[in-house]
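Undergrad: Model the structure of this input:
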Amino acid sequence: MSKMSSAPIVIDGKGHLLGRLASIVAKQAISGQKVVVVRCEEINVSGSFFRLKLRWADHMHKRHLVNPKKSGPFHHRAPSRILYKAIRGMIPHKTARGAAALQRLKLFEGMPPPYDRKKKMVVPQALRVLRLKPGRKWCTIKRLSHEYGWGYKDVVDTLEAKRKVKAQAFHERKVGIYFLVPAYAPSDFSARVIQVALLKARKQVATDPATQTVQSKLSALGY
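TA: This next block holds a predicted model:
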């Protein structure tokens, strides 16, 4: 992500560490790049869930003594807002430049249209499997948010399950077309189906008169 592009960069937040992802997204936004992060609920946080829950409980009790409902601080429960606040802390958001950078961000739970059909990217510098030592404890923002009042976990899970079914059907259909599979049931999709389809296609090619003419000419040339 060294070059700026007019089209927004779509990042799949699943499996990324919160702070590392926030720092890279903040850098891109302040540099002028539009960034979209989907599946914010699947972002990871290092440390055990119990320890993070205690830290979050202490954080939730911080407030102004005078009219906290008006003056804040406001503690967001939604995963997208948690990521937003982490990014905002890394940007000079009280300046015009920082405010413009925040306008370039779009953060979502789940994967709403049209981003479900767009190519998603990952940030290797922020992936948990690459940056966290094996055996270390971690948890997802989704679980932490749900424990502290985020009420849309079941809704997002339901929508994600439907999206994954459609995505799997599209993938099987696309791969089936690539391997010349004319028609098949998605549940029967396997390596055997591809193998049978290839054999059928080769048989059709071998018996086609037009193909035999071309094949005879190629054989005469030594192919």
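
Undergrad: Now do the buried residues in the lengthiest helix in the chain.
TA: Ranked by residue count, the top helix of the chain under DSSP state H comes out as helix 153-178. The neighbour-count check on helix 153-178 (16 or more other Cβ atoms under 10 Å) flags 153, 156, 159-160, 172, 176 as buried. No exception for glycine: its C-beta is placed from N, CA and C like everyone else's.

Undergrad: who does it touch, helix- and strand-wise?
TA: When contacts are defined as 3 or more Cβ pairs under 8 Å, 6 or more residues apart in numbering; DSSP states H and E, helix 153-178 sits against helix 141-147, helix 191-207.

Undergrad: Could you dump those helices into TSV with mean pLDDT added?
TA: Formatted as TSV, those follow (pLDDT from 0 to 100):
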stretch	mean pLDDT
helix 141-147	95
helix 191-207	72
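
Undergrad: ok, now which ones touch the closest residue to residue 24 other than its chain neighbours?
TA: Closest residue to residue 24 apart from its sequence neighbours, by Cβ to Cβ, 6 or more residues apart in numbering: residue 123 at 5.4 Å. Residues in contact with residue 123, defined by Cβ atoms under 8 Å, 6 or more residues apart in numbering, are 1, 11, 16, 20-21, 24.

Undergrad: for residue 62, same thing?
TA: Residue 62 touches 73, 75, counting by Cβ under 8 Å, 6+ apart.

Undergrad: what does the model give it for pLDDT?
TA: Predicted confidence (pLDDT) for residue 62: 87.

Undergrad: Which secondary structure state is assigned to it?
TA: Under DSSP: H, G, I helix; E, B strand; the rest coil, residue 62 falls in the coil class.

Undergrad: neighbours around residue 53, how many?
TA: The local packing of residue 53 (other Cβ atoms under 10 Å) involves 16 other residues.

Undergrad: Compute the distance from the centre of the helix or strand where it lies to the centre of its chain.
TA: Element membership of residue 53 [criterion: DSSP states H and E] is helix 49-60. Per Cα atoms, centre = their mean, to the nearest Å, the displacement of helix 49-60 from the mean C-alpha position of its chain is 26 Å.
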